[in-house]
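>>> Task: produce atomic coordinates for the following.
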Amino acid sequence: MNGWLTVALLIVSNIFMTFAWYGQLKLQELKVITSDTPLCLVILASWGVALMEYCFMVPANRYGFIENGGAFSLLQLKVVQEVISLFVFTIFALVLFKGEQLHWNHFLAFSLLIIAVYLVFMDN
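As a prediction, this is how the structure comes out:
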């Protein structure tokens, strides 16, 4: 399977994951829900969004895994997924939560993530 398709599925999956985990904070900021909204309702709504995450994450991992004809080893899949997760979250935070800012240490951390991806893809 094409590695780019796996990456695309992981990106979509992580968009849903980020909304499932942090979207409720934005909804509270927008006063769609309040701090008085029962936590069990917030959890159920998040689970509904997270179901969509799984609809993309499971195929990404299944089809992307080298033993299923994919392009990535298990460790490579995990590192790529984590890097995508952090980039999606960063975009989410910067776009939807206007008070968040990137600083030099964030850029250094992202550079180290890129190095991590390089290292995990190195031939032994």
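>>> List the backbone torsions phi and psi for Asn105.
Main-chain torsions, Asn105, degrees, to the nearest 10: phi -70, psi -30.
>>> what number of residues lie near it?
By the criterion of other C-beta atoms under 10 Å, Asn105 has 8 neighbours. (Glycine included, C-beta is placed from N, CA and C.)
>>> oh, and call the first residue 28 from now on, that's how I've got it
Got it, the first residue is 28 from now on, which makes the last one we talked about Asn132.
>>> Tell me the pLDDT of it.
We note a pLDDT of 95 for Asn132 in this prediction.
>>> Based on its surroundings, how many neighbours for His133?
13.
>>> cool, the one 10 residues further on as well?
Applying other C-beta under 10 Å, we find 14 other residues in the vicinity of Ala143.
>>> List the residues that contact it.
Each residue near Ala143 by C-beta atoms under 8 Å, 6 or more residues apart in numbering is listed here: 106, 110.
>>> So for it, what's the pLDDT?
88.
>>> Phi, psi for it please.
According to degrees, to the nearest 10, Ala143 has phi -60, psi -40.
>>> same deal with Phe99?
phi -130, psi 140.
>>> could you measure it against Ala87, distance?
Applying C-beta to C-beta, to the nearest Å, the value for Phe99 to Ala87 is 10 Å.
>>> Of these two, which one has the most company?
Ala87 (26 against 23).
>>> Next, give phi and psi for the more buried one.
Dihedral angles for Ala87 - degrees, to the nearest 10 - are phi -60, psi -50.
>>> residue contacts, the spatially closest residue to it that is not a sequence neighbour?
Closest residue in space to Ala87, ignoring its immediate chain neighbours: Leu36 at 3.5 Å, by C-beta to C-beta, 6 or more residues apart in numbering. By C-beta under 8 Å, 6+ apart, Leu36 lies in contact with 83-84, 86-87, 90-91.
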